[in-house]
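K.L.:
Build me a model from this:
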Amino acid sequence: METSIIISGFGGQGALFAGQLLAYAGMDAGRFVSWIPSYGPEMRGGTAHCTVIISDDEVGAPIVARPDIAVALNLPSFDKYEPLVKPDGLLVVNSSLVTSESQRADIDVVYVPANGIAEEWGTPKMLNMAAVGAMLAARPVLPLAVIEAALVAHLPASKQHLIEANLQVLRHGFAVGQPARA
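P.N.:
So this is what the prediction gives:
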């Protein structure tokens, strides 16, 4: 099985690190992965995004026009990627910044107050972990434990003091993203 994911937000929201974390976790779990970041002037407040593919087989092409999953951390990302998600796909929306609602009935949408969750645990810069947690709850592309282990193993040295807070934000996002029980 192959899953394509686009994570997009303002530079500084951690979209690229979130994608890199998923790629590391996929590799650590023995899966084939591709991670393509888009950065440059975007790092100074424009929209930054990355594409991640996690697969059981070799990745044929790393370019994704219609992702299985899109994570929109801001309104421009929501506007750009909401129409592109494949039918039966997933859209994760940072409802702390995006007040628009998806009009699509053919995709699943998870609204997660990512900034609010991150601020609860210390800093809004961890909002990417809340979004990743919500995504994993709605689409278990990888087990949460694998992502947690990758976070511990791959968080930059300068951020090591934030491991426990990041784990808490990830877990809280996961709890928010759980499908509603009927």
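
K.L.:
List the residues that contact the residue nearest to the spatial centre of the chain.
P.N.:
Centroid-nearest residue in the chain, with Cα atoms, centre = their mean: V132, separated by 4.0 Å. Neighbouring residues of V132 by Cβ atoms under 8 Å, 6 or more residues apart in numbering: A18, L21, L22, V71, I147, L170, G173. To be clear about C-beta, it is placed using only N, CA and C from the backbone, and glycine gets the same treatment.

K.L.:
Now do the same contact list for the second one.
P.N.:
It refers to L21. Neighbours of L21 in contact, by Cβ under 8 Å, 6+ apart: V132, I147, A150, L151, H154.

K.L.:
just to revisit the earlier point, select from the contacts of V132 the one having the most neighbours.
P.N.:
Counting neighbours by other Cβ atoms under 10 Å, the top entry in the contacts of V132 is V71, with 32 neighbours.

K.L.:
Quick check: that one vs G60, distance?
P.N.:
Using Cβ to Cβ, to the nearest Å, V71 is found at 23 Å from G60.

K.L.:
And for V146?
P.N.:
Distance from V146 to G60, by Cβ to Cβ: 24 Å.

K.L.:
more crowded one of those two?
P.N.:
Remark: of V146 and G60, V146 carries more neighbours, 18 against 10, as counted by other Cβ under 10 Å.

K.L.:
Need the pLDDT of that one.
P.N.:
In this model, V146 is scored at 97, pLDDT.

K.L.:
now G40
P.N.:
54.

K.L.:
How about D28?
P.N.:
So D28 comes in at 94 (pLDDT).
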